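Colleague: this one's sequence-less:
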């Protein structure tokens with residue numbers, strides 16, 4: 001069966017369905033065949049009306065077209081019924097499972113393809129792989145909610161905290177999470193606490209991306225000697241926020257228990273966006 005990739009950009013070469021001098025009685029079927037191959041091609045490439053089967057990381061699609069071999073530039077849009085949790089492959093019409101990668105060749109990470117997303121891929125014949133072109137996230141993938149931010153230290157010791165305001169909100173789109181927090185304390189005392197100052201209680205742990213921290217904005221009434229800027233940050237593979245300080249001529253440093261005087265009440269407002277596991 002002819003498909004859209006069999007059409008030629010030279011008009012005169014498209015004579016398979018309606019050749020010169022064809023019998024009038026065959027014209028209708030020729031036009032129907034042309035409309036059919038166009039419809040199958042456009043639905044596969046643009047509309048994404050086919051849902052994947054298989055399991056997470058092993059996507060399979062039965063195309064509208066008859067695809068017996070992959071060719072360079074073959075484009076397919078499909079609905080992912082499951083999210084990927086690691087590297088992934090795609091098998092179309094049982095031709096063979098090939099890796100899905102980003103256009104620069106980078107392997108997929110967990111959540112790059114969310115469940116219910118519309119996914120467009122293009123086949124790279126030279127490297128025998130699918131290139132992930134676009135991912136359109138379905139509205140149901142967006143999640144909003146609240147969380148409870150808890151001010152503490154790596155070692156809490158005898159830390160005593162009484163909150164007058166303790167509010168956290170988040171929005172999650174795919175695997176990208178934006179959290180906000182607002183903390184005011186009426187009591188914040190400690191004598192044996194030690195280590196970094198943390199906020200725990202995040203709704204989602206961060207992805208384990210080696211040597212990559214995410215940094216956010218912060219308003220804080222406290223200071224750290226010799227440092228002018230303090231930001232909120234999250235390291236890979238954790239469920240807590242820490243705080244980093246910087247200043248002219250100073251090496252970056254963490255905010256710790258020694259920077260947080262006992263009985264100096266907190267007033268913290270911050271937001272950060274990070275990639276969830």
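Modeller: Cool, got the structure. Since this is a predicted model, take the numbers as computed values, not measurements. Numbering: from 1, shown residues only.
Colleague: mind telling me what element residue 262 is part of?
Modeller: Counting by DSSP states H and E, there is no helix or strand that carries residue 262.
Colleague: number of residues surrounding it?
Modeller: Residue 262 is flanked by 13 other residues according to other CB atoms under 10 Å. Yep, even glycine has a C-beta here, placed from its N, CA and C like the rest.
Colleague: quick one: residues contacting the residue lying closest to it once chain neighbours are set aside.
Modeller: Here the nearest residue to residue 262 in space, its sequence neighbours aside, is residue 189; by CB to CB, 6 or more residues apart in numbering that works out to 4.7 Å. Residues in contact with residue 189, defined by CB atoms under 8 Å, 6 or more residues apart in numbering, are 158-160, 262-263.
Colleague: please apply the same query to residue 271.
Modeller: By CB under 8 Å, 6+ apart, the residues touching residue 271 are 178-181, 216-217, 232.
Colleague: which of the residues you listed are buried?
Modeller: The neighbour count (16 or more other CB atoms under 10 Å) marks 179-181, 216, 232 as buried among those.
Colleague: show me those that map onto strands.
Modeller: 179-181, 216, 232 (DSSP state E).
Colleague: quick one: low-confidence ranges for the protein?
Modeller: 1, 5-6, 138-141 (pLDDT under 70).
Colleague: how is it divided into domains?
Modeller: 1-137, 141-275 (automatic domain parsing).
Colleague: you'd agree residue 126 is in a helix?
Modeller: Yes - assessed by DSSP: H, G, I helix; E, B strand; the rest coil, residue 126 belongs to a helix.
Colleague: residues in contact with the nearest residue to it once chain neighbours are set aside?
Modeller: Setting aside the residues directly before and after it, residue 126 is nearest to residue 72 in space (CB to CB, 6+ apart), at 7.0 Å. Applying CB under 8 Å, 6+ apart to residue 72 gives the contacts 123-126.
Colleague: ok, those residues vs residue 104, which is closest?
Modeller: If you rank the contacts of residue 72 by distance to residue 104 using CB to CB, residue 124 comes first, at 11.4 Å.
Colleague: tell me the secondary structure at the nearest residue to the closest one once chain neighbours are set aside.
Modeller: Nearest residue to residue 124, sequence neighbours excluded (CB to CB, 6+ apart): residue 131, at 5.3 Å. Classification of residue 131 using three-state DSSP returns strand.
Colleague: just checking, residue 257 touches residue 197?
Modeller: Yes - the criterion here is CB atoms under 8 Å, and residue 257 meets it with residue 197 at 6.8 Å.
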